[in-house]
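> how does the following fold in three dimensions:
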Amino acid sequence: MSERPDAMYEALARWQLRRRRGLPAGAGLELRKRLVAPAHGANAPADGGAGLDAWLRQLAGERARGRVLDLGCGFGASLLRWLAAGARAGVGISASAVQIATARQEAARQGLAARATFVHGDFTALPPGPFDVVLAIESLGHAHDLDAVLRAVRGALAPGGVLLVVDDQLLAARDSDDADVVELARRWRSPRLRSVDALGDALAAAGFTTRAEFDLTPQVPTNDERTLRARRRWLRLASLLPLPSLRLVVDAFLGGIALERLHRRRLCCYRALLAAARPSPA
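Got it, this is the predicted structure:
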């Protein structure tokens, strides 16, 4: 596959915008998981949209009222919620120009344009800090140079600032050669799914201390294997159509099926963590 990763993001963004025609203003602007309700009394988000953002703001505490950077901001839904809930200012960054243009329009519609900046760019070239909170919701898994990204994030954090990560991770590094892991990386033009230990090691090497971790895997919905096989057959047929942009969207969904299979097979988890930069040596 010769297409750049951002070509897939652009195709998927255009597909999502076409799909949301006729929906109320601001609806249908999220591409991430939507979680099922947590167990009663669990310290977990209510769902994968507004509930996840509200829960993450609680984890961030008073820092949630400061300046926020959203890595992989998509159409801007999360960052705009943080601003509406009281964050002073925010910057979102995405590899998709279509997503950034839409996020800017949505910020203007909500009356938040004066406090929201959206940038088309790469995670290793971050906007000027400092930031009180850096969000990375289902985005670090797409980073080809995770070490460089984490070093950039550490440099962009204000003293006492926090990094909030929510992402899929392998439970064991030995499964990195699993057929579904390989399929996911190939379809999404991304690195192979990293393990829990690999992310922890990368955070530590970049100068972070993990303060809290949460396993949200029980809230990830999955279809049965029969349904997944039927969807995969249909999508593979659709990929034969002579439409390059459609093939990119199909690849995105086939990658999603591979990830769903990994969850069904209990080879990966969906985790949230809060990390802070260790003080630099005097």
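> I figured residue 9 was touching residue 94, is that so?
Yes: contact criterion Cβ atoms under 8 Å: residue 9 and residue 94 qualify, at 7.4 Å. Backbone N, C-alpha and C define where each C-beta goes, glycine included.
> what about these two, which has more around it?
Neighbour totals were compared for residue 9 and residue 94, and residue 94 leads with 27 against 24 (other Cβ atoms under 10 Å).
> how about that one, what does it touch?
For residue 94, the contacting residues are 9, 72-74, 100, 103, 118-121, by Cβ atoms under 8 Å, 6 or more residues apart in numbering.
> number of nearby residues for residue 14?
Count around residue 14 with other Cβ under 10 Å applied: 16.
> mind checking which helix or strand it is in?
With secondary structure defined by DSSP states H and E, residue 14 is part of helix 5-19.
> pLDDT on that helix, on average?
Helix 5-19 shows a mean pLDDT of 86.
> after it comes which helix or strand?
Beyond helix 5-19 toward the C-terminal end (DSSP H and E), the next one is helix 50-60.
> distance-wise, check the closest residue to residue 51 other than its chain neighbours relative to residue 214.
Leaving aside its sequence neighbours, residue 51 sits nearest to residue 45 (Cβ to Cβ, 6 or more residues apart in numbering; 4.6 Å). The gap separating residue 45 from residue 214 is 9 Å, by Cβ to Cβ, to the nearest Å.
> neighbour count: those two, which is higher?
Taking neighbours as other Cβ under 10 Å, residue 45 and residue 214 compare with residue 45 leading, 24 against 17.
> that one: what's it in contact with?
35, 38, 51-52, 54-56, 216, 219 are the contacts of residue 45 under Cβ under 8 Å, 6+ apart.
> one more: residue 127?
Applying Cβ under 8 Å, 6+ apart, the residues near residue 127 are 69, 91, 93, 117, 119, 121, 156.
> in JSON lines, list those along with pLDDT.
Rendered in JSON lines, the data for those read as follows (pLDDT from 0 to 100):
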{"residue": "69", "pLDDT": "98"}
{"residue": "91", "pLDDT": "98"}
{"residue": "93", "pLDDT": "96"}
{"residue": "117", "pLDDT": "97"}
{"residue": "119", "pLDDT": "96"}
{"residue": "121", "pLDDT": "90"}
{"residue": "156", "pLDDT": "95"}
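> just the buried residues out of those residues, in ChimeraX syntax.
Only the buried entries of the contacts of residue 127 go into this ChimeraX selection, using 16 or more other Cβ atoms under 10 Å:
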select :69,91,93,117,119,156
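> need the nearest residue in space to residue 39, chain neighbours excluded.
residue 218 (6.9 Å).
> does residue 211 really touch residue 275, like I thought?
Yes: contact status for residue 211 versus residue 275: in contact at 6.5 Å, counting by Cβ under 8 Å.
> so what's in contact with those two at the same time?
Contacts common to residue 211 and residue 275, judged by Cβ under 8 Å, 6+ apart, are residue 162.
> so which of the two has more stuff around it?
residue 275 (27 against 12).
> for the host helix or strand of that one, packing partners?
Assessed by DSSP H and E, residue 275 sits inside strand 268-277. Packed against strand 268-277 by the contact rule (3 or more Cβ pairs under 8 Å, 6 or more residues apart in numbering; DSSP states H and E) you find helix 50-60, strand 157-170, helix 196-205, strand 208-215, helix 244-264.
> cool, thanks, signing off.
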